[in-house]
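Engineer: quick one: sequence plus predicted model below, questions after.
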Amino acid sequence: MAVTDEPLALTTGEDLVVDRPLGVFTRPQGGKGWRDWLSTVDHKKIGIMYGVAAMFFFVVGGIEALLIRLQLAAPDGQILSADVYNQVFTMHGVTMVFLFIMPLAAAFANYLIPLQIGARDVAFPRLNALSFWVWLSGAIFLNTSWIVGGGGADCGWFCYSPNSGLAFSPSHGVDFYALGLQIAGIASLVSAINLIVTCLNMRAPGMSLFRMPVLTWMLLVTQFLLLFAIPVITVALFLLMFDRLFDAQFFNPEAGADPLLWQHLFWIFGHPEVYIIILPAFGVVSEIIPTFSRKPIFGYSFMVFSGIAIGFMGWGVWAHHMFVSGIGPLSVWAFSMSTMFIAVPTGVKILNWLATMWGGKLRFTTAMLFAVGTVAMFTIGGLSGVTHALAPADTQQTDTYYIVAHFHYVIFGGGVLGLMGGLYFWWPKVFGFMLNETWGKVHFWTMLIGFNLTFGPMHVLGLQGMSRRIDTYSPGFGFAFWNLIATIGAFIIALSVVVFFLNVWKSRRDAPHLPAPGPDPWDARSLEWMIQSPAPEHNFDEVPIVESDDEWWHRKYGYDENKNVVRIATIEEATQKGDAVGVHLPAPSFWPLVVALGLPIIGYGLIFNLWLCVLGGALVGLGIYSWALEPVDDPDADHDHGHDDHDDDDDDDDGEGAEAEMADATAGAEEGAD
Amino acid sequence: MSDLFNVRRRGTGTGLLLALLLAGCASDAELDTLEPQSPVADEIWGLALPVFIIAGVVLVLVCGAVLWLSLKNRVATYEGDDEFPAQTAHNNPLELGWTIGPAILMAIIAVATSVVHFSINSVDEENAMPLTVHGETVDWEPTVVVVGQQWWWEYRYYLDGQQITTEQLADQRNLPPADIVTSGQFAIPTGQEVELIITSRDVIHSHWIPALNGKRDAVPGRFAPWKIEAYDPGVYFGQCTEFCGLSHSRMRMQTIALDPPDFQAWIDEQMAPATFDAELQAYVDAYRAGEPAAVDDEASAELRGLDVFAAQCASCHLVNGFNDMVNGEPYDGADVVSGSAPDLTHLMGRTTFAGGILNLYNEDGTVNVDDLARWIRDPNGIKENFADGLADGELPRGMPDRNLTERQIDDVIAFLITLGPDADGWMIDATEVE
């Protein structure tokens, strides 16, 4: 089946008698403007908000990075004091990891998972809104420590005990770190459960797990990693909070505590975190390269299983962050071995991307440039990773700039470049206009050059013996030249980010004068390109019935008797028109926002005055109870609610009873879930 | 840093090309990891170098393939192009091949890694060297206890021929009295494996002398065994590499490798208590008896300085022969967070101070009085030990500002210069390369 001949949903237009017996508990109507954004439960709007907020914190973390690079540009830097430098590099790490790249990946996950699996929304739309608002409140809370906490946390993003204790970090920065990340962790956990359930339960009929696009697969693996990793760091942060606020002794060596407890807890979270950051970008690259090679992804099942393998093996390598901590030669050896072999599934991915490009017709759009750049840059990061999987070599490399170079090649070269490519790729789908390709290419090349100038020299600096996290260095160690180069590189990266924002502004301004991109501007392969751009609020007019992987591509193309690809339908013919009306969608709600507002107030209360906790707790309680009590729908939609709009499926010409049942199940899940 | 010592470099022929490639203008990099000067560092580099080369080859192959495919297969547009490339979606033998192939490569590297790993973590149990201690020859199992604290390193030598055990070290704030206590710099005999027992008094630090071995964390409550050795006499630089708070970047150290006879001479010097001239000795004797004498303005600068030291410095800094035993009470630790301050008995036998960041001697061999005065005048300005002022009862994490007058500072420096041997003598000759 291809094109919807009639909307599945109800027609509207009837006059409804609106009855609002519950007053405050009635669901808001959505409406326009800020009210709409504050109360939305639409996964697409939530995805956009994640993206916008993430880019904001990218700028914040970027400014912190520039301060670091200014300080280190020359020996004996005087721009920041040691104290401020320590706060700035700590907050740079925390911001970039928790407030930029994780939420940017969450933006892709929220926006694209439902579209790629043919669903109308995530499984729990209000929980989805809760995730975003809780994350945002945690992010803002964390950064308010600059204003009310006596500065940012100064213990490094890894915040090793006992340096994170009150005696060694007397300002409130670490308290904000411990509480802010706990709040943000709630968001990640809720979101992980939501998206896992969505992937498992909300797939369109025929969309078996092994027909899911690689991006959705990688995001699913990421959600499982979050689900198991976040509780571990939450435990650690909770203990740290008790140490600092209530005189507990979990990490105090004076009282017999072992400081390595924190390190184990942190890195059992911290290493899977690396894959939480990198797997979404792998997924994005796995969508872009096939599209612009005009070929299917090479070795779909190897790609999926290597992602799963990375997900599993990622739990068995954490102590490679602790090779010199004194955990004993046997432990070090075991983790050294496991770390080497995690390179194998990662290598598989790189070679499969190359095989996808092999014999393909490569069209170098900006998105493709970023994707291919990701492959090359991540390879550098992966290979330097192998060199310190060797525990003996790591004793020389760890805690030097060699490591800083390594993980920036992984996280920036892999994660950020990949997701940047994703922004260019899906921008027309999300906003209905294309980003300017010329400016995009300028963005790519400046970013690539700046990136390599910044982090390439750090390999040399590390091997020359420059320690990490030092606020200054003396002349005479040979560090000056490459540090200056790195600083120049950092400003080129900053320039590239400015180019990106200018591109967004310019492209938006020019959009009305240019032809609309249409639903499928790239001749892409997965279901999100089957619907109009920007994606209509209800996503699919009719939930598509999936018959193969790369479903959308197969609706456009078939094979002739010689196995040559032939077009069987134009984009125009194959797309959904987006004209369905009255599709039953989850109703908006303000309560997730209310719950999220309560959490930072509890945080401030724990730090400054416990009475504030009562206020914050009351808000959270009010939010949760009102959430539970508000009706499932707004009164207008209530009329439609009992009607099963998917009954019509039975009349569909394909007559596949089983698939129709699945459609019902999908619809049921949608309705029951909220 | 210190130009006093010309650090000796052994040529590493194999690593030379890569070192040049990677280190660029690093010829004067004293912390360089690519120029090993000891058996352990050689072993590490011998493992790392081939892996660097393998990684480099893989890098060139992958990035070359990316570049080649990008140039060869590029098209400007798909518009009007109805011809699709072969839609190859998988090739299982190929994919199995590039799963198993890298796995085999990694397995080979893993075997080599295992061999080196267990080798550098082994300790030579039979290791011993004869030393003359108090006129008697003992078999010293070369061991140095390394204690990190914010933001300097203490080195403790136990020379009685009994191996120090970690049980004896369990209370890091109250370690058993050592024969030699020094800070910022420690001496080892060349050609001799020396075991380090690394621990900390406050937060986690990491001890790293790149030319001699990799790093090992100093964790409070734990004892990290590690070893160090140098082929040749010389001064080998190090830097704390685990972020340890405010002044992490100002925590440095040096290993001084001496030929065994020179090492014995160093031991002899360090073992002796401080010696004073008659004027100072009278003050010292009264002080030790618990009845400090008054010092008037007419006294020598050294004596006035000793008086200032007694009033302002002696509650933290130990000088053996002076405040180690007062009124029958042994010295009992510093009023700083770590509970310890550098032992100054042989201060002038070192070449750096303030946690290895300032030179004690000028290039011409005279004492660096300017930096000593700067340090005493405003320690927090040179090495921050608190950020926002100290709360009531909060202990400083480093040397506090004692608000000395300029004259008091000059006097106390005059006294400090009397402590220990002049390092601008034999030790520099012993470490210098001909």
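Structural biologist: Now that the structure is in, tell me what you want to look at. Residues are numbered from 1 along each chain as shown, chains lettered A, B, ... in the order given.

Engineer: rest of the way, CA atoms for contacts and neighbours
Structural biologist: Noted.

Engineer: surely A:Ser171 meets A:Val148?
Structural biologist: No: if you go by Cα atoms under 8 Å, A:Ser171 and A:Val148 don't touch, sitting 10.3 Å apart.

Engineer: wait, A:Ile403 sits on A:Gln397?
Structural biologist: Yes: A:Ile403 is within contact range of A:Gln397, at 6.7 Å (criterion: Cα under 8 Å).

Engineer: return the set of buried residues in the biggest helix by length in chain B.
Structural biologist: As assigned by DSSP state H, the longest helix anywhere in chain B is helix B:39-72. Buried residues in helix B:39-72, counted by 16 or more other Cα atoms under 10 Å in any protein chain shown: B:39-49, B:51-52, B:54-55, B:59, B:62-63, B:65-66, B:69-70.

Engineer: keep those, but drop any that are not near chain A.
Structural biologist: Checking the buried residues of helix B:39-72 against chain A by Cα under 8 Å from any Cα of the partner chain, the ones in range are B:44-45, B:47-48, B:51-52, B:55, B:59, B:62-63, B:65-66, B:69-70.

Engineer: for the residue nearest the centre of chain B, name its beta-bridge partners.
Structural biologist: Chain B has B:Met253 as the residue nearest its centroid, 3.2 Å off, counting by Cα atoms, centre = their mean. B:Met253 forms beta bridges with B:Gly238, as assigned by DSSP bridges.

Engineer: now stretch B:269-277, how far from the centre of its chain.
Structural biologist: With Cα atoms, centre = their mean, to the nearest Å as the basis, stretch B:269-277 stands 24 Å off its chain's centre.

Engineer: what bits of chain B have low per-residue confidence?
Structural biologist: Counting by pLDDT under 70, chain B shows low-confidence ranges at B:1-29, B:161, B:422-434.

Engineer: how does it divide up, domain by domain?
Structural biologist: Per automatic domain parsing, the structural domains of chain B span B:13-74+B:88-120, B:278-431.

Engineer: as CSV, these with distance to A:Asn201 would be great.
Structural biologist: Compiled in CSV, those are given as follows (distance: least, Cα to Cα, whole Å):
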stretch, distance to A:Asn201
domain B:13-74+B:88-120, 28
domain B:278-431, 54
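
Engineer: any idea which of those gets closest to A:Ala255?
Structural biologist: domain B:278-431 (14.5 Å; Cα to Cα).

Engineer: elements contacting the host helix or strand of A:Gly421?
Structural biologist: According to DSSP states H and E, A:Gly421 maps onto helix A:417-431. If you count contacts as 3 or more Cα pairs under 8 Å, 6 or more residues apart in numbering or on different chains; DSSP states H and E, helix A:417-431 packs onto helix A:260-291, helix A:366-389.

Engineer: ok, now how distant is A:Gly414 from chain B?
Structural biologist: Distance, A:Gly414 to chain B, by Cα to the nearest Cα, to the nearest Å: 14 Å.

Engineer: quick check: that residue touching A:Tyr275?
Structural biologist: No: contact between A:Gly414 and A:Tyr275 fails when scored by Cα under 8 Å: they sit 10.7 Å apart.
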